[in-house]
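Undergrad: Only the shape, not the letters, is given here:
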């Protein structure tokens, strides 16, 4: 876990009372094939984030299941509004009175052998208030690594933003990060959320560069919770979960393993940057 002293934790809790400043957290995991075990680990990490003062907590892509094979998530898929993964998210958000972004949850779709890779947002009362289905599906054929998400995932087709006490949040998932037009289509958002399970190969080459680029070009905070470590399937994910401010500065990060990164979202700072550098208003396309 990203190291935090008791003094820093105490200060982070006090910041929640300052208007325009909120503490947000990104959870990093190395999920396996057992849903119950993954939810238990997520619960532990969410509680850690809450104790550090977080009011908004985001989980990584596939936080509830990274199976031995791609089809395992199809077997674990849920109907929207029911199932153990969604009950967990609702119950935990209500229990801790925090907003939770469930990085991605496998939900049923019309195709019997596929899922929608859905990012779900729950408010502090445990109510689902937004759903984004991953639009861009990852494919890689590089050396011994081969991925083809279209075999088990049905793509979404809607850009989704949600108004929250922390500002307007734009939702995306993992491979979406490579498509800046998606974020432009969101309009002006205060926070971009990018739960991910980047491979180590592509992650070490591009992850940080792309995350910081999305923050800079949109003058937005970016909350990027990731899978980070070795998985039972043999897959290695890059990790490096981070929170980046609108100037592209990394506020906190965790290179590998399970843990929490946490930082403050300062809307006054964001607005002052947009006033000083009104690039979003200078767009002509």
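TA: Now that the structure is in, tell me what you want to look at. Because the structure is a prediction, the values reported are computed rather than measured. Numbering: from 1, shown residues only.

Undergrad: drop to CA atoms for contacts and neighbour counts, all remaining ones
TA: Fine.

Undergrad: Can you pull out the low-pLDDT segments for the stretch 51-200 of the chain?
TA: Residues of the stretch 51-200 of the chain meeting the criterion pLDDT under 70: none.

Undergrad: Would you state the helices of it in chain order?
TA: Taking DSSP state H, counting those that start in this stretch as the test, the helices found in the stretch 51-200 of the chain are 72-75, 84-96, 180-185, 200-202.

Undergrad: With distance to residue 144 and mean neighbour count as added columns, please give those helices in CSV.
TA: Below are the helices of the stretch 51-200 of the chain laid out as CSV (distance: least, Cα to Cα, whole Å; neighbours: other Cα atoms under 10 Å):
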stretch, distance to residue 144, mean neighbour count
helix 72-75, 21, 18
helix 84-96, 32, 19
helix 180-185, 28, 15
helix 200-202, 11, 15
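
Undergrad: among those helices, which is nearest residue 27?
TA: With distances scored as Cα to Cα, the stretch of the helices of the stretch 51-200 of the chain nearest to residue 27 is helix 84-96 (13.7 Å).

Undergrad: Distance to residue 104 for the helices of the stretch 51-200 of the chain - can I get that in a markdown table?
TA: Putting those into a markdown table (distance: least, Cα to Cα, whole Å) gives the following:
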| stretch | distance to residue 104 |
| --- | --- |
| helix 72-75 | 11 |
| helix 84-96 | 10 |
| helix 180-185 | 18 |
| helix 200-202 | 19 |
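
Undergrad: what's the closest of these to residue 141?
TA: So among those, helix 200-202 is nearest, using Cα to Cα, at 11.6 Å.

Undergrad: on contacts alone, who are the packing partners of the closest one?
TA: strand 236-238 (3 or more Cα pairs under 8 Å, 6 or more residues apart in numbering; DSSP states H and E).

Undergrad: what's the strand it packs on in contact with?
TA: The set of residues external to strand 236-238 that reach it, using Cα atoms under 8 Å, 6 or more residues apart in numbering, is 30, 197-201, 203-204, 226-231, 255-256.

Undergrad: rerun that using 7 Å as the cut-off
TA: Applying Cα atoms under 7 Å, 6 or more residues apart in numbering, the contact partners of strand 236-238 are 197, 198, 199, 200, 203, 204, 227, 228, 229, 230.

Undergrad: Touching, the first one and residue 176? I think so.
TA: So that's residue 197. No: in this structure residue 197 lies outside contact range of residue 176 using Cα atoms under 7 Å: 11.6 Å.
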